[in-house]
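>>> no sequence for this one, just the structure:
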């Protein structure tokens, strides 16, 4: 517990990031306002539109407290501190008795701040209407206070002077809602799906002139706060109620601290025009205290989360709308109900984006092999689900349900593509084999048919067939049938022609041999006849 309240030794001035200088040129935008005509709270559409473009992690720093106690001036000083710009034209500041901030306003450009853990957040400053203004009802004040607490990751309670019983009562009354939500969330860790809610809390004591001491020793602001929140003792009739209020504040804000800050100027003339004074005309003690506050805020900086999901600008706007609707319906904002609606809406957007991503990634035109189709499918599924898991939010049951639907939808589209690939491949195979059948028959029945020519053509065709036709059971089955029926029959024709040619050649050879034999016999007969005739004519 002590670690929650411990603060390091007083830090020096934190240097502003030059990249944040542009943030000083933003403007205040009304996030939540009250319509006097309809008597309803409304969400500012310009603010919601700007929030759409702000990415997470997101941190909201709000300042709330009684009217006319310098909340807007303080935010402007923090804006200058974090951006390095002296006297930025920030939230509206007035020197009159009338409150100039109505509703809840945000600064249009977030400030990039890095916390002690190295996490960089887009930080939005939030200025709240002062509570207990003369023209406000108590219900109006409580609603503003509640909305500010619920929308903050760091909540600054701005008060002039020391902590007193009235301030504790006011704070406890508004925090009772958040306490009930947090109590249910702690009880619901077993699975009833409640939200653990606790913004970091800084009780800022303005124009503080007292010395923080106890029993003769100096104490820190955190020790001062813990001492003020201790249960009181005595015989008062409302003692139990007072102690319950203190317990409420401690339960809602486990991460809590106190920062004291002196009056920024000493003369009434300067106090009436604080927003126009350059930093070097403010009291050095004030500037030093402001450095301490800025450092404490950096230390408490953390992403705004609901149910373990970091919010971005879009979801912050949705959350504000849900709370406003709940307030207008006469109910205290129910964080769980509002969040469930937002989580489902955001998860549906993530679902639709994943479907679009899959359609973009799974491009199977030109793929001819089934394994290549599966590779493309798997890559598209992985990319789409990665985007979905990075954007979706909500309870595990909802996310599991949507992821299951995505996988089913992706697989269905893959099987459809696989069927189309098989059908187109079989059609192409049929056309190619039919054309090649005619070509081979013509080649084998032609006047110059030869085994070498047929073999060469078959090699060429099979290479082309393997390249163009998608893999599948039909591919090689049809090719085998083709090779069995067409080329072998063609080879039979070639062999038959060769046999016929051989037989003809043999017949011709036999005929030639017979003719030669006949000539030889005739020559022998002629030679014998001639010899006989000569012997008869010329006897010895």
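Here it is on my side, so go on. Here the structure is a predicted model, which means the values were calculated and not measured. Numbers count the residues shown, from 1 in each chain.
>>> got the phi/psi numbers for residue 440?
The phi/psi pair for residue 440 (degrees, to the nearest 10) reads phi -70, psi -40.
>>> same check on residue 66?
Torsion angles, degrees, to the nearest 10, at residue 66: phi -70, psi 160.
>>> burial measure for it, as a count.
18 (other CB atoms under 10 Å). Placement of C-beta: from N, CA and C, glycine included.
>>> and it, how close does it get to residue 153?
23 Å (CB to CB, to the nearest Å).
>>> name all residues that make contact with the closest residue to residue 153 other than its chain neighbours.
Leaving aside its sequence neighbours, residue 153 sits nearest to residue 304 (CB to CB, 6 or more residues apart in numbering; 4.0 Å). Residues near residue 304 by CB atoms under 8 Å, 6 or more residues apart in numbering: 57, 58, 59, 60, 152, 153, 310, 311, 316.
>>> same check on residue 414?
Contact partners of residue 414, counting by CB under 8 Å, 6+ apart, are 362, 373, 374, 377.
>>> if I look at it, how far off is residue 405?
Taken as CB to CB, the span from residue 414 to residue 405 is 15 Å.
>>> do the same with residue 372
In terms of CB to CB, residue 372 sits 27 Å off from residue 405.
>>> who has more neighbours out of the two?
When residue 372 and residue 405 are compared for neighbours, residue 372 comes out ahead with 15 against 12, by other CB under 10 Å.
>>> quick check: the two most widely separated of the contacts of residue 414?
Maximum pairwise distance among the contacts of residue 414 (CB to CB): 10.9 Å, between 362 and 374.
>>> more crowded one of those two?
Set side by side, residue 362 and residue 374 show more neighbours around residue 362, with 20 against 14, by other CB under 10 Å.
>>> so where's the stretch 251-400 of the chain uncertain?
Across the stretch 251-400 of the chain, the ranges flagged by pLDDT under 70 are 330-343, 393-395.
>>> hmm, I was thinking of the stretch 101-250 of the chain
For the stretch 101-250 of the chain (pLDDT under 70), the answer is 101, 131-138, 174, 176-197, 210, 234-238.
>>> and the helices in it, which stretches?
Taking DSSP state H, counting those that start in this stretch, the helices of the stretch 101-250 of the chain run over residues 138-150, 165-187, 221-228, 239-252.
>>> secondary structure class for residue 263?
Following DSSP: H, G, I helix; E, B strand; the rest coil, residue 263 is assigned to coil.
>>> wait, it sits on residue 283?
Yes. Counting by CB atoms under 8 Å, residue 263 touches residue 283, with 7.1 Å between them.
>>> which SSE is residue 324 in?
helix 313-328 (DSSP states H and E).
>>> then residue 346?
Assessed by DSSP H and E, residue 346 sits inside helix 335-361.
>>> who touches the very next helix or strand once past that helix?
Next along the chain after helix 335-361, taking DSSP H and E as the criterion, comes helix 370-391. For helix 370-391, contacts defined as CB under 8 Å, 6+ apart pick out 346, 349-351, 353-355, 357-358, 361-364, 367, 399, 402-403, 406-407, 410, 414, 417-418, 421-422, 470-472.
>>> what's the PyMOL line that selects buried ones from the residues you listed?
Per 16 or more other CB atoms under 10 Å, the buried members of these correspond to this PyMOL selection:
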select buried, resi 346+350+351+354+355+357+358+361+362+364+367+399+402+403+406+410+414+417+418+421+422+470+471+472
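>>> before we move on, the earlier item: phi, psi of the residue nearest to residue 153?
Residue torsions, per degrees, to the nearest 10, at residue 304 are phi -70, psi 120.
>>> look up how far residue 265 lies from it.
34 Å.
>>> ok, now residue 286?
From residue 286 to residue 265 the distance is 8 Å (CB to CB).
>>> now do the strands in this structure.
According to DSSP state E, the chain carries its strands in the segments 28-35, 40-43, 58-65, 104-107, 111-114, 120-128, 154-160, 200-206, 213-214, 217-218, 256-261, 305-306, 309-310.
>>> and the second one, which strands flank it?
This points to strand 40-43. According to DSSP bridges, strand 40-43 forms sheet pairs with strand 28-35 (antiparallel).
>>> ok, now the fourth one?
Each strand paired with strand 104-107, and its direction, by DSSP bridges: strand 28-35 (antiparallel), strand 120-128 (antiparallel).
>>> ok, now how distant is residue 148 from residue 315?
18 Å.
>>> and these two? Which one has more around it.
residue 148 (26 against 22).
>>> give the contact list for the more buried one.
Residue 148 neighbours (CB under 8 Å, 6+ apart): 62, 64, 104, 126, 128, 155.
>>> same check, this time on residue 161
205, 206, 207, 208.
>>> can you name the two of these that are farthest apart?
Greatest spatial distance in the contacts of residue 161: 205 and 207, 8.1 Å, computed using CB to CB.
>>> between the two, what contacts are shared?
Joint contacts of residue 205 and residue 207 (CB under 8 Å, 6+ apart) are 160, 161, 261.
>>> my read: residue 287 touches residue 278, true?
No. At 11.2 Å, residue 287 does not count as touching residue 278 under the criterion of CB under 8 Å.
>>> give me the more crowded residue out of the two.
residue 287 (17 against 9).
>>> residue 280 versus the more buried one, what's the distance?
Noted for residue 287: a distance of 9 Å to residue 280, by CB to CB.
>>> check residue 38 too.
Here residue 38 is placed at a distance of 47 Å from residue 280 (CB to CB).
>>> residue 480 now?
Going from residue 480 to residue 280 by CB to CB gives 93 Å.
>>> kindly report the same for residue 65.
Counting by CB to CB, the gap from residue 65 to residue 280 is 27 Å.
>>> who has more neighbours, the two?
Per other CB under 10 Å, whichever of residue 65 and residue 280 has more neighbours is residue 65, with 26 against 8.
>>> before we move on, the earlier item: CSV please, covering the helices of the stretch 101-250 of the chain and showing distance to residue 385.
Output for those, formatted as CSV (distance: least, CB to CB, whole Å):
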stretch, distance to residue 385
helix 138-150, 32
helix 165-187, 29
helix 221-228, 45
helix 239-252, 37
